[in-house]
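> Next comes the sequence, and after it the predicted model I'd like to discuss.
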Amino acid sequence: MNSRFKFPRRVRIHGGECGAVARALHHEAKSFSLPAVERKVFSTTNERKQMSIKTTLKRIALVAVSAMGFGLVTAIAPANADTVIPTAITVGTIPGGAQVGVVQTVPVSIAAPYTTGGSDTFSVMVKVTSAPTGSAFRTIATNGTDGAGGAGVSFSAGVYARSGETSNAAVLTASIPSGSNNTFGSAQVVSDKMTIGYAFTSAPRTTAGGTATVNVNVTPDVAGSYTVLVSTINSATAAAYTGAANTIGTSFTFTTGSSVSSMTLAAVTGGSGTSASVGQLVKLTLKDSTGAVASLKTGETVSITAGGTTDKLKKVSVSSGVYTANTTNSTTANTTLILSGSDFVNGVAYFNYADTTASTGNVITATGSGLLSAAITSTLNTTVTSNTTGDAFAGSAITLGNPTGATRPGSGKVGITAGTPSTDTTSTASTSHSYTVTVDGLTATSYFDVQVTDTAGDLTGIVGQVFNQVLTVTYDSTATAQTGTLTISGALATAGDAFTALIRSSGGYGATASDGVTVTAADPTATSMRPFLNTSTLGSTFTIFSPVGGSNTVWATLRDQFGAAMASKAGTWSVSGRNATATTTAFTTDASGRVSVTIADAGTSTTSNTQDTLTITSTVSATVTINY
């Protein structure tokens, strides 16, 4: 008979290879996970029915993870991609405060021996395996509908499992996170009509291995606990089919939470100036009565208003459970924002606030609206500074200062060509980044708008987010040049992460930058081990003189390429010569990056060898010679 299940030609089903599995699964054919198989089998003659069951179940044992709760999947291999067998599935942070009718997005990372320079593919399957009584996820498989509302055959838009017992839809989708170059291909044909199956293709990589992330999006339809199973299977190379060895899976559980009882507004960045094109970034956090993270229910909203003259409010949108950076603000008044559940991730929403009129008492107010009580409110006082116009960076460059806790290579200051945004490198260990700004031609204290782009999302938590802050240049009539300090707070915790700060010399929305800097992080590496006696730091190699029988304590400081002391770093020291040590001695640098070594002379005035050589090593070395 012609089966509606399609398999790669080269798959070979040997009678003895999975007979035990097939027998074990014989009874599963009638279960919740395999309704399509059941209907297909019972429509044949008895003789053909027995053969069909055994053959089909053996195939399922090889390619469909039936025992884990999935139905049959027909694999679709993307063109020009190599198959790869995933090695691990790890569930990321499960957001708190899940609510009925509000999508719950959970990131899942999939480890595999991804190749370099090309793409790899495998199948990803997702299914809700446990749900509260009354949920459509518990009903028979034929209740699964696709995004258009029709009976499901494949679910490129996810499963929309509707039930007559609730007005909410139980929705299950999977997606690729925003900004990722990985892709989902054709939806897989899944027999139970309640499982999502996709052909996943990874983007070309520069290094082998690693992980790829998929978002699982679940919208609960009734209150209670939900369990979701995520599985992968190598689905394109028939020769690699060896059954369960090619399949891995894991599950996660979440429970809908209680109602929102409080909200808090907080400034993520400082106040901005009147020429700000984006404004400052503000965070709104929702909590329940116990202080736990909460989410808005269907119909609940939050209204955001501000007390400025020409307010400009713009929310930071959410896509697939990830904040989508706001890089521009409205140039016209936008005095109110309405936030719904889809604008929050783990109980937090962000928005930008700007105003073209200076004020020290602008108040931003968040108030419950829709079905959320208006008695739930929060306020935040903000400052908008009047930017100085008509001044320019003429003649002098921006001089880079030293970030907190570290200095830069060489002289510790790197000049930047005036009017040309330049580059700089900072340590991943630095928590703030300071620069001295020199401005010619000022006659009074002035304020300049600085637009910061958080390229990697380290400063704000939102990749690519833009915000503004004010640079103050205090006028000093006795100084030959007027200077101010620009400080950007926050660590670039991963090497290669960056931000860009552009300083505008004139007011007005969209004003071009006069100068700026792009800062990229690098991991600190040991570049010097400097010995010292008392408080005097000596060169990496030096000689001291000691009386016979004396005791000498030598200190050394380990520093990185930025000049910062490196704490808690391992190393060894050893002595050769007059008081030679048989083995090296291990050490760990202290909080100041230092290590101390004491050598007691065991020789006498008649000992022919009168010299010790102390070597201290932690990636880099220092050598101290002691003459007795």
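That came in fine, so what should we check first?

> Tell me where the stretch 451-600 of the chain is predicted with low confidence.
Along the stretch 451-600 of the chain, the parts satisfying pLDDT under 70 run over 505-514, 534-541.

> Find the least confident helix or strand in the protein, judged by mean pLDDT.
Ranking every helix and strand in the chain by mean pLDDT, DSSP states H and E puts helix 35-41 at the bottom, with a mean of 30.

> what are the ranges of the strands in the stretch 151-300 of the chain?
Here the stretch 151-300 of the chain has its strands, by DSSP state E, counting those that start in this stretch, at 159-161, 170-175, 183-187, 189-190, 196-201, 211-219, 225-233, 247-255, 262-267, 272-273, 280-287, 300-306.

> name the helices or strands packed onto the fifth one?
On a contact count with 3 or more CB pairs under 8 Å, 6 or more residues apart in numbering; DSSP states H and E, strand 196-201 meets strand 120-130, strand 170-175, strand 183-187, strand 189-190. Every residue, glycine included, has its C-beta placed from N, CA and C.

> Residue 121 against residue 86, yeah?
No - with contact defined as CB atoms under 8 Å, residue 121 does not reach residue 86; the gap is 10.8 Å.

> Need the winner for burial among the strands of the stretch 151-300 of the chain.
Highest mean neighbour count among the strands of the stretch 151-300 of the chain (mean count of other CB atoms under 10 Å): strand 272-273, with a mean of 28.

> Residue 533 reaches residue 546, doesn't it?
No - if you go by CB under 8 Å, residue 533 and residue 546 don't touch, sitting 11.1 Å apart.

> what about the helices in this protein?
Secondary structure of the chain by DSSP state H: the helices cover 19-26, 35-41, 46-63.

> Now the weakest link among those helices, please, by mean pLDDT.
Sorting the helices of the chain by mean pLDDT places helix 35-41 lowest, at a mean of 30.

> what's the closest of the strands of the stretch 151-300 of the chain to residue 542?
strand 211-219 (48.6 Å; CB to CB).

> Which strands or helices does that closest one pack on?
strand 104-111, strand 120-130, strand 170-175, strand 225-233.

> For residue 467, find the nearest of these.
Proximity to residue 467, assessed across these by CB to CB, is greatest for strand 104-111 (24.3 Å).

> then that closest one to CSV, C-alphas only?
Below are the C-alpha coordinates for strand 104-111, written out as CSV (Å, rounded to 0.1, in the frame of the first residue of the first chain):
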residue,chain,number,x,y,z
GLN,A,104,5.9,32.3,27.8
THR,A,105,9.2,32.2,25.9
VAL,A,106,11.9,29.8,27.0
PRO,A,107,15.3,29.7,25.2
VAL,A,108,16.8,26.3,24.6
SER,A,109,20.4,25.8,23.5
ILE,A,110,21.4,22.9,21.4
ALA,A,111,25.0,21.7,21.4
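
> partners of that strand, with directions?
For strand 104-111, the pairing partners within the sheet under DSSP bridges are strand 88-91 (antiparallel), strand 211-219 (antiparallel).

> The first one: which residues count as buried?
What it means is strand 88-91. Of the residues in strand 88-91, 89, 91 count as buried by neighbour count, 16 or more other CB atoms under 10 Å.

> okay, it in PDB with CA atoms only?
Backbone C-alpha positions of strand 88-91 (Å, rounded to 0.1, in the frame of the first residue of the first chain) are rendered in PDB as follows:
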ATOM      1  CA  ALA A  88      23.000  18.100  24.400                       C
ATOM      2  CA  ILE A  89      19.900  20.200  24.900                       C
ATOM      3  CA  THR A  90      20.000  22.800  27.700                       C
ATOM      4  CA  VAL A  91      17.000  24.800  28.900                       C
END
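
> which residues sit against that strand?
Contact partners of strand 88-91, identified using CB atoms under 8 Å, 6 or more residues apart in numbering, comprise 106-111, 211, 230-232, 248-250, 252.

> Let me have the residues you listed in a markdown table, extended by distance to residue 335 and pLDDT.
Shown next, in a markdown table, are the contacts of strand 88-91 (distance: CB to CB, whole Å; pLDDT from 0 to 100):
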| residue | distance to residue 335 | pLDDT |
| --- | --- | --- |
| 106 | 36 | 93 |
| 107 | 35 | 92 |
| 108 | 40 | 95 |
| 109 | 41 | 94 |
| 110 | 45 | 94 |
| 111 | 48 | 93 |
| 211 | 44 | 92 |
| 230 | 43 | 92 |
| 231 | 49 | 88 |
| 232 | 48 | 86 |
| 248 | 52 | 84 |
| 249 | 50 | 88 |
| 250 | 47 | 92 |
| 252 | 41 | 95 |
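
> how many other residues sit next to the residue nearest to residue 523 when sequence neighbours are not counted?
Leaving aside its sequence neighbours, residue 523 sits nearest to residue 495 (CB to CB, 6 or more residues apart in numbering; 4.6 Å). When neighbours are defined as other CB atoms under 10 Å, residue 495 has 13 of them.

> Ok, residue 95 next?
Residue neighbour count, defined by other CB under 10 Å, stands at 22 for residue 95.

> give me every residue that touches it.
Counting by CB under 8 Å, 6+ apart, residue 95 has contacts 104, 105, 106, 254, 293, 295, 321, 345, 346, 347.

> of those residues, the lowest pLDDT goes to which?
residue 321 (77).

> got the contact list for that one?
Residue 321 touches 95, 103, 105, 106, 107, 177, 215, 217, 345, counting by CB under 8 Å, 6+ apart.

> Wait, residue 566 touches residue 524, no?
Yes - judged on CB under 8 Å, residue 566 makes contact with residue 524 at a distance of 6.4 Å.

> residues shared between the contacts of those two?
Joint contacts of residue 566 and residue 524 (CB under 8 Å, 6+ apart) are residue 560.

> In the stretch 351-500 of the chain, what residue spans correspond to strands?
359-370, 377-385, 398-399, 422-427, 432-439, 446-454, 465-473, 482-489, 498-504.

> who does the last one pair up with?
Note on strand 498-504: by DSSP bridges, its sheet partners are strand 446-454 (antiparallel), strand 513-522 (antiparallel).

> For those, could you give me TSV that also reports mean neighbour count?
As requested, those are exported to TSV (neighbours: other CB atoms under 10 Å):
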stretch	mean neighbour count
strand 446-454	23
strand 513-522	20
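
> who's residue 122 bridged to?
residue 200.

> ugh, wrong one, residue 623
Residue 623 forms beta bridges with residue 541, residue 615, as assigned by DSSP bridges.

> From what I see, it and residue 614 are in contact.
Yes - checked against CB under 8 Å, the pair residue 623 and residue 614 is within contact range at 7.0 Å.

> Between these two, which has more neighbouring residues?
Neighbour count, other CB under 10 Å: between residue 623 and residue 614, residue 614 has more, with 23 against 16.

> And that one, how far from residue 532?
Distance of residue 614 to residue 532, computed by CB to CB, to the nearest Å: 13 Å.

> With distance to residue 557 as extra columns, can I get the helices and strands packed on strand 211-219 in TSV?
Formatted as TSV, those follow (distance: least, CB to CB, whole Å):
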stretch	distance to residue 557
strand 104-111	40
strand 120-130	47
strand 170-175	50
strand 225-233	49
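
> With respect to residue 435, which of the ones you listed lies nearest?
strand 104-111 (35.4 Å).

> Give me the contact list for the closest one.
86-95, 98, 124, 177, 200, 209-220, 228, 230, 232, 250, 252, 254, 320-322, 345.
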